[in-house]
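Student: sharing a model prediction with you, sequence too.
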Amino acid sequence: MRLHWPSAAAEWTEALPVGNGRLGAMVFGGAGRSRVQVNDATVWSGTADGPSAALADVLASGAGPERLAKVREAIFSGDLERATELLMSFEGPYSQTFLPYVDLWITLPEGESHGRTLDLSTGVVTERLTIGGLDVVRRVWASETALCVEIAGAVPTGVEISTPLREVSRDGLDIVIEIPVDSAPRHEPQVEAPVYGSGERGTVTVEVTEGERWLLTLTSSTTAESRWTGKRHSNHRTLMDACEVRFGDVPEVVDVPDLLTGKDEQLIASVLFAYGRYLLVSSSRPGAPPANLQGIWNGDLRPAWSSNYTININTQMNYWAAEVTGLAECHDPLLELLEKLAVTGGEVARELYGARGWVAHHNTDAWGWALPVGMGHGAVSWAIWQMGGAWLVQHAWDHYDFARTWSTLERAWPLLRGCAEFLLDWLVEGPDGYLDTCPSTSPENWFLVDGKPEALTWSVTMDVVLVRAVFERTLALALASGRADPLVAEISAALPRLRPVPVLDDGRLGEWAYDLPEEDPTHRHMSHMVSVYPLGRIVAGTELGDAAVEVLDQRGNGAMGWSWAWKMALRARLGDGETVRSLLSEASQPFTGDRHRDAPVDGSEWGGLLPNLFSTHPPFQIDGNYGFTAGLAEVVVQSHTGVIDVLSALPSGWSRGSARGLRCRGGLSVDVTWHDGDVTVRVRRVSGDASEFVPVSIGGEVTEVVVSDVVEVRGRISC
């Protein structure tokens, strides 16, 4: 699939992304002086000892296990004002910022651009120009080791390189750059701009080769890169070719402005599925940090929310599509970050809470930040949330569950075990005998007490669901590996004492342990629905599944990119293809507002797609793009119940299509073709136990097969 834009970019939100996981670039194009804005995934403010130093400061302020006991006493007695005051002392500064790096400026004689084409399979941006009556072709891509610019038909009259960071030295086109030691998000305007000191450094080297074609290569090295140990494996094309989904007819070249103003919903779905995979392949590869709030592309010195890892939903959504769309290798950077958090979060768990294991909160960064953030004035509705690790660690389980290999089990085991240790020590006996999480908040949401918004309580639904999932999955790993671990007995004793998921009198799934009045009944976060997607613990056609539908009906469709994407995945899991369609239609509208203004976080101003197909809040957040891919994968194939369920959420009228290389849990790969109700499914085993029976469901009819090589199953659906 190739995507075409008929003109050069006038601003960043029109530029086109390329990347190799380590280097990312936004390609503007155009004749005359044109810009390529470059990022390096290891260029973050901060230092390696920053998390430990911040923890020491928080402990010195009086936070710790003794104060935690007072917080719990205040919450259980109903003194939420006192609990809030005490808890704010647990907040450290903010996690660090993913920073812009350099700008590459290439000057050609004046001429005319005939547009840019992005080939998703190769990751190459091609631009055709006319200069002095001659045809000129410029190609930009990220190879495995460098950013490359190739020009045929003309020779640039100038090449420059600049940086928004501090330049230390320069030798021609080679520069050394100093990286700030501290930075805060731009929603803290009273905090000083990025602070420099004895921090990390980066070196950019540019080489130019002239011949029949003019070739520029830009390479980067930083003093922080050695902290990422993974080794790169597959190349861009191999990863992109691993999976493909097409809804309806898809032309070889898609004109993007026509796509955004057109009515072809199946083509929009096909493009967004492929584009999300392209962005993940380009921004998350072994050997570099994982994709952040903007993937690997950021041009702002103080980006929104520091362009970091927000782990109450956004980072998780970045990787929902990794396993199911054949990009397990792209999952590796997130697992490596989890392994860092198990170390830094272990220190926080021990010193701040007197607990075993490891913990993470609302944010993290490339250094493994594990403390609460907020600088002592961050709202407890988001800053004080001890379940960041419990949600993020589910990705270690997914990496195992899709592959079912010994190596993925051995990688997941210490991460889940450590998280389970923390949760066992975090639980306390509540007022009615259950084991409760306390303090507890439902991320970024509020309830009302005597008309006043409050956030602190105990055992919100999301907490209990995550704790149960960590416990049960840790037990499953212990069983699969034959381990006789003493933690198994502790978990087995705690599981029956967790609160059940509440269903309210009006039939909705409850967000809190009790029926509390909501400040915002249409809130953008769907935290208590985590049990439906991604965890797959609540399924369609059950009492809890019906209660989940009631929640979605009340919350309504619109919000912003990532919220649309989550609702798409939730509706797909619950078999509601028609609402998936309407959500996709809303989310894929071209954004017509001010691209340079950060909208309120409450979702009152809907986003859409920017000219370069980035999903915007606004501002731009890439989680929506990744989430669309994950939600559309659920439309085609689901496997969370142990059954390969095919096309159970297909919108009516989407009567033709195909999928190749979608992955299912248990080490399986699935190809699907459908045409006017006739469905063919091919299942092949790529890892795991070949002797297992595999149920395949088409239109509700289940066929059980043994997959040792390739098995074909046929059936019918109504469409």
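Tutor: Perfect, I can see it now.
Student: look up how far residue 295 lies from residue 350.
Tutor: As for residue 350, its distance to residue 295 is 34 Å (criterion: Cβ to Cβ, to the nearest Å). (C-beta placed from N, C-alpha, C; glycine too.)
Student: and these two? which has more neighbours close in?
Tutor: Neighbour count, other Cβ atoms under 10 Å: between residue 350 and residue 295, residue 295 has more, with 28 against 18.
Student: ok, what's across the strand from that one?
Tutor: In this entry, residue 295 is beta-bridged to residue 292, by DSSP bridges.
Student: my read: it touches residue 276, true?
Tutor: No - here residue 295 does not reach residue 276: they are 10.4 Å apart, not a contact under Cβ atoms under 8 Å.
Student: for stretch 41-51, what is the average pLDDT?
Tutor: Stretch 41-51 carries an average pLDDT of 96.
Student: then stretch 234-251?
Tutor: For stretch 234-251, mean pLDDT is 96.
Student: roughly how far is it from the heart of the chain?
Tutor: Taking the mean of its C-alpha atoms, stretch 234-251 sits 20 Å from the chain's own mean (Cα atoms, centre = their mean, to the nearest Å).
Student: please apply the same query to stretch 582-602.
Tutor: With Cα atoms, centre = their mean, you get 18 Å for stretch 582-602.
Student: and that stretch, what's buried?
Tutor: For stretch 582-602, burial by neighbour count (16 or more other Cβ atoms under 10 Å) applies to 582, 583, 584, 586, 587, 588, 591, 595, 599.
Student: okay if I get these as TSV plus secondary structure, pLDDT and distance to residue 220?
Tutor: As requested, the buried residues of stretch 582-602 are arranged in TSV below (DSSP: H, G, I helix; E, B strand; the rest coil; pLDDT from 0 to 100; distance: Cβ to Cβ, whole Å):
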residue	secondary structure	pLDDT	distance to residue 220
582	helix	97	44
583	helix	97	39
584	helix	97	37
586	helix	95	39
587	helix	96	34
588	coil	96	34
591	coil	94	32
595	coil	90	28
599	coil	88	33
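Student: and the furthest pair within these?
Tutor: Farthest-apart pair in these is 582 and 595; separation 24.8 Å (Cβ to Cβ).
Student: domains for the chain, by residue range?
Tutor: 2-44+99-251, 51-95+328-555, 645-716 (automatic domain parsing).
Student: okay, those domains, which one's buried deepest?
Tutor: Across the domains of the chain, averaging neighbours per residue (mean count of other Cβ atoms under 10 Å) puts domain 51-95+328-555 on top, at a mean of 20.
Student: and of the buried residues of stretch 582-602, the nearest to residue 627?
Tutor: residue 587 (9.1 Å).
Student: the closest residue to that closest one other than its chain neighbours and residue 309, how far apart?
Tutor: Distance criterion Cβ to Cβ, 6 or more residues apart in numbering; nearest residue to residue 587, sequence neighbours excluded, is residue 564 at 3.8 Å. Using Cβ to Cβ, one gets 21 Å for the distance from residue 564 to residue 309.
Student: about what we covered before: next, give phi and psi for the residue nearest to residue 587.
Tutor: phi -60, psi -50 (degrees, to the nearest 10).
Student: what's the answer for residue 471, then?
Tutor: Main-chain dihedrals, residue 471, degrees, to the nearest 10: phi -60, psi -50.
Student: and if you look at residue 141?
Tutor: According to degrees, to the nearest 10, residue 141 has phi -160, psi 170.
Student: how close does it get to residue 124?
Tutor: From residue 141 to residue 124 the distance is 4 Å (Cβ to Cβ).
Student: quick check: neighbours shared by the two?
Tutor: Common neighbours of residue 141 and residue 124 are listed as residue 18 (criterion: Cβ atoms under 8 Å, 6 or more residues apart in numbering).
Student: residues touching the residue nearest to residue 587, list them.
Tutor: Applying Cβ under 8 Å, 6+ apart, the residues near residue 564 are 557, 558, 583, 584, 586, 587, 624, 627, 628.
Student: dump those residues into TSV; add distance to residue 319 as well.
Tutor: Shown next, in TSV, are those (distance: Cβ to Cβ, whole Å):
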residue	distance to residue 319
557	24
558	25
583	21
584	21
586	24
587	19
624	14
627	10
628	14
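Student: which one of these is nearest residue 236?
Tutor: residue 628 (20.4 Å).
Student: give me the number of residues near the closest residue to the closest one other than its chain neighbours?
Tutor: Among residues not flanking residue 628 along the chain, residue 272 sits closest, at 4.5 Å (Cβ to Cβ, 6+ apart). Other residues within reach of residue 272, judged by other Cβ under 10 Å, total 25.
Student: mind telling me what element residue 272 is part of?
Tutor: Using DSSP states H and E, residue 272 sits within helix 265-283.
Student: what does residue 68 give?
Tutor: Going by DSSP H and E, residue 68 is in helix 65-77.
Student: could you dump that helix to CSV, C-alpha only?
Tutor: In CSV, the C-alpha atoms belonging to helix 65-77 read as follows (Å, rounded to 0.1, in the frame of the first residue of the first chain):
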residue,chain,number,x,y,z
PRO,A,65,4.8,3.2,55.1
GLU,A,66,3.8,4.9,58.4
ARG,A,67,2.1,7.8,56.5
LEU,A,68,0.5,5.3,54.2
ALA,A,69,-1.1,3.7,57.2
LYS,A,70,-2.6,7.1,58.2
VAL,A,71,-3.8,7.6,54.6
ARG,A,72,-5.7,4.3,54.7
GLU,A,73,-7.2,5.1,58.1
ALA,A,74,-8.4,8.4,56.8
ILE,A,75,-10.0,6.8,53.7
PHE,A,76,-11.7,4.0,55.5
SER,A,77,-13.1,6.6,58.0
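Student: list the helices and strands it packs on?
Tutor: helix 80-87, helix 328-353 (3 or more Cβ pairs under 8 Å, 6 or more residues apart in numbering; DSSP states H and E).
Student: contacts for the shortest one next, please.
Tutor: Meaning helix 80-87. By Cβ under 8 Å, 6+ apart, helix 80-87 touches 67, 70, 71, 74, 75, 380, 384, 439, 449, 454, 456.
Student: please redo it, this time with the cut-off set to 10 Å
Tutor: Identification of contacts with helix 80-87 by Cβ atoms under 10 Å, 6 or more residues apart in numbering yields 62-63, 67-68, 70-77, 79, 372, 374, 379-381, 383-384, 438-439, 441, 449, 452, 454-457.
Student: how about CSV for the domains of the chain, with distance to residue 638 added?
Tutor: Converted to CSV, these look like this (distance: least, Cβ to Cβ, whole Å):
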stretch, distance to residue 638
domain 2-44+99-251, 14
domain 51-95+328-555, 8
domain 645-716, 4
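Student: nearest to residue 632, out of these?
Tutor: That would be domain 2-44+99-251 among the domains of the chain, by Cβ to Cβ, at 6.7 Å.
Student: if we can go back for a sec, what is in contact with residue 295 and residue 276 at once?
Tutor: Common neighbours of residue 295 and residue 276, using Cβ under 10 Å, 6+ apart, are 318, 622, 625, 626.
Student: from those, which land in strands?
Tutor: Using DSSP state E, no member of those falls within strands.
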